[in-house]
Each structure stands twice: as structure tokens, then as C-alpha cells.
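**Student:** The sequence and its predicted three-dimensional model are supplied below.
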Amino acid sequence: MEKLVSKVFITKVDELPENLGKRVYVEDGNLELAVFKLANGDIRAIENRCPHKAGVLSEGMVSGEYVFCPMHDWKISVVDGKAQGPDVGCVKTFEVTVENGEVYVLFDGSGEASAPLECSHSLGNTIVAGKAGE
């Protein structure tokens, strides 16, 4: 059976500062995302709360493919959502696509991230992103 995927507009590429986060609400405000445009042009969307103490990740510092939680400096991958050792945990990441300068997050029919990956100490699931030039 084919999975239904919904595409939700979240921002425009030119509204995303490079290497800084942007807080975005989707699903009628029930889901808060941190959206990042990395130096390499990739755009990533993750759940906007650290698995440690729920720090606001969109306010963290970005280095490469990682964001550092502003509360306790946990290093979280914006690619797979996993905290880097020695810390343990992860956040949901969401697949995004870019069309005509607009960024969309993709959800499957259940409202979950469109391609989840299991994480043993997690707030959720994960996956991929798009490039600003797509």
C-alpha cells in the first residue's frame, strides 16, 4: 500500500540566515521545529527541543552539521538528530524539500516524519533534508 505524504510550507530559503536557527510552528502550532540553513547549502529541520532539558535548539550555535544546545552545550546532529557522546539521546528530524525558493517539511499520513529512524534514548524519530539550490 502506498503511503500518503503531506507537504507543509515552513519558510522561504532567503528568510533563513546561514548557520543560525529559525523557530517554525507547524500542525496548527502543535509542533515546533528548528530550521537551519548550513554553510554547505543544506537545509535541515529538527524538533526544537534538546533531549536533555528541552533547551530551545533554534537558539543554539551551529557548527558544521551540529547545533549546540544553548542551555548545557549538548552537541546535536542536525542530520540524524542524535546527541554526540558522551551525551545520549536524540530529537526528531524531518525531511524537507525546496521548491522555487520555498522550504517544505514532509509528513507521512500519520503526521510523523516521513522516514523515521529509531533512536534508543529519544524524543522521537529522524531523517534527511534538502539543499537550498534545489
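**Tutor:** Here it is on my side, so go on.

**Student:** And for stretch 11-20, what's in contact with it?
**Tutor:** Residues from elsewhere that reach stretch 11-20 (CB atoms under 8 Å, 6 or more residues apart in numbering): 22, 24, 35-39, 43, 62-63, 98, 101-103, 132. Bear in mind the C-beta positions are built from the backbone N, C-alpha and C, glycine included.

**Student:** one more time with 7 Å
**Tutor:** Applying CB atoms under 7 Å, 6 or more residues apart in numbering, the contact partners of stretch 11-20 are 22, 24, 35, 37-39, 43, 62, 98, 101-103, 132.

**Student:** residues near Gly29, how many?
**Tutor:** 7 (other CB atoms under 10 Å).

**Student:** In which helix or strand does it reside?
**Tutor:** Assigned by DSSP states H and E, Gly29 belongs to no helix or strand.

**Student:** Distance check, it against Arg23.
**Tutor:** 12 Å (CB to CB, to the nearest Å).

**Student:** Kindly report the same for Glu32.
**Tutor:** According to CB to CB, Glu32 and Arg23 sit 7 Å apart.

**Student:** more neighbours, the two?
**Tutor:** More crowded of Glu32 and Arg23, by other CB under 10 Å: Glu32, with 16 against 13.

**Student:** per-residue confidence for the more buried one?
**Tutor:** The per-residue pLDDT reported for Glu32 equals 93.

**Student:** does it really touch Lys22, like I thought?
**Tutor:** No: with contact defined as CB atoms under 7 Å, Glu32 does not reach Lys22; the gap is 11.2 Å.

**Student:** In PDB, could you pull the C-alpha coordinates for stretch 85-99?
**Tutor:** Provided in PDB are the C-alpha atoms of stretch 85-99 (Å, rounded to 0.1, in the frame of the first residue of the first chain):
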ATOM      1  CA  GLY A  85      29.000  11.400  23.100                       C
ATOM      2  CA  PRO A  86      29.300  11.300  25.900                       C
ATOM      3  CA  ASP A  87      25.700  12.500  25.900                       C
ATOM      4  CA  VAL A  88      22.900  10.100  24.900                       C
ATOM      5  CA  GLY A  89      19.600  10.900  23.200                       C
ATOM      6  CA  CYS A  90      18.100  12.300  20.100                       C
ATOM      7  CA  VAL A  91      15.400  14.600  18.600                       C
ATOM      8  CA  LYS A  92      13.100  14.100  15.700                       C
ATOM      9  CA  THR A  93      14.400  15.300  12.300                       C
ATOM     10  CA  PHE A  94      12.200  16.000   9.400                       C
ATOM     11  CA  GLU A  95      12.700  15.600   5.700                       C
ATOM     12  CA  VAL A  96      12.500  18.900   3.800                       C
ATOM     13  CA  THR A  97      12.200  19.800   0.200                       C
ATOM     14  CA  VAL A  98      12.900  23.100  -1.500                       C
ATOM     15  CA  GLU A  99      10.800  24.200  -4.500                       C
END
